[in-house]
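A.B. asks: Sequence first, then the predicted structure, then my questions.
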Amino acid sequence: MEIEFDVKVTPGVLYDYMLHHTYTSASGLIGAVIGALMVVAFFMGAGALCLIAGIIILAYLPWTLFIKSRQQYLANPSFKNALHYKLTEEGVEVSQNEETQSQKWEEMYKAVSTPKSLILYTSPVNASIFPKADLGEKSSGVIEMISTHMPPKKVKIRS
């Protein structure tokens with residue numbers, strides 16, 4: 001079985017990926033908890049400084065990720081054109097223009113989903129992003145292909 005599709009990585013797609021990647025890491029979670037605790041401290045009588053600091057901490061990360069997603073999109077010429085993916089029994093092949101790269105399923109790090117995308121990590125920090133809007137009706141086939149070829153403990157996809 002093979003599934004082929006094209007995806008277009010936009011700043012919004014990158015932002016969705018960056019939010020997920022950051023808030024599922026220890027530093028992102030710790031920052032969110034500290035910010036929330038400072039807001040709670042304000043409501044328990046700690047003073048306006050706690051509220052201001054909490055709001056700044058909670059807003060800083062999403063805002064910087066928003067800016068970074070735009071900058072990364074503009075700086076990376078490969079995002080200007082669609083990427084063509086082919087999922088096969090052996091692995092994942094991605095091509096653009098005349099270049100093609102492939103990676104075997106057993107080399108994949110993990111697969112996750114966000115409300116907007118399926119994300120196939122090729123390493124702890126690198127990933128192929130499949131926007132659900134681009135996948136359309138192929139989405140369930142892509143999920144099945146990933147789930148079939150990767151160990152269940154590496155797949156955290158919610159349909």
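C.D. replies: The structure has been received and is ready for your questions.
A.B. asks: which residues of the protein score low on pLDDT?
C.D. replies: Where the chain drops to pLDDT under 70, the residues are 159.
A.B. asks: All the helices of it, residue numbers only.
C.D. replies: 11-23, 26-41, 48-75, 132-135, 139-149 (DSSP state H).
A.B. asks: Which residues does the first one contact?
C.D. replies: Helix 11-23 is contacted from outside by 28-29, 32, 61-62, 65-66, 68-70, 72-73, 79, 112, 114-117, 119, 125, 127, 129, 131, using Cβ atoms under 8 Å, 6 or more residues apart in numbering. Bear in mind the C-beta positions are built from the backbone N, C-alpha and C, glycine included.
A.B. asks: likewise the second one?
C.D. replies: For helix 26-41, the surrounding residues in contact (Cβ under 8 Å, 6+ apart) are 22-23, 46, 50-51, 53-58, 60-61.
A.B. asks: How about stretch 85-93?
C.D. replies: Here stretch 85-93 has contacts from 1-7, 94-95, 100-105, 107-108, 120, 128, 130, 142, 145-146, 149, using Cβ under 8 Å, 6+ apart.
A.B. asks: Tell me what residue 3 is bridged to.
C.D. replies: residue 87 (DSSP bridges).
A.B. asks: need the contact list for it.
C.D. replies: Contacts of residue 3 (Cβ under 8 Å, 6+ apart): 86-87, 138, 141-142, 145.
A.B. asks: got these as JSON lines, with neighbour count columns?
C.D. replies: What follows is the contacts of residue 3, written out as JSON lines (neighbours: other Cβ atoms under 10 Å):
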{"residue": "86", "neighbour count": "15"}
{"residue": "87", "neighbour count": "24"}
{"residue": "138", "neighbour count": "17"}
{"residue": "141", "neighbour count": "15"}
{"residue": "142", "neighbour count": "20"}
{"residue": "145", "neighbour count": "19"}
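A.B. asks: For the residues you listed, give me TSV that also has distance to residue 158.
C.D. replies: Output for the contacts of residue 3, formatted as TSV (distance: Cβ to Cβ, whole Å):
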residue	distance to residue 158
86	25
87	19
138	17
141	16
142	14
145	16
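A.B. asks: Can you give me the distance of the residue lying farthest from the centre of the chain to residue 37?
C.D. replies: What lies farthest from the middle of the chain is residue 45; by Cα atoms, centre = their mean that is 38.0 Å. Using Cβ to Cβ, to the nearest Å, one gets 14 Å for the distance from residue 45 to residue 37.
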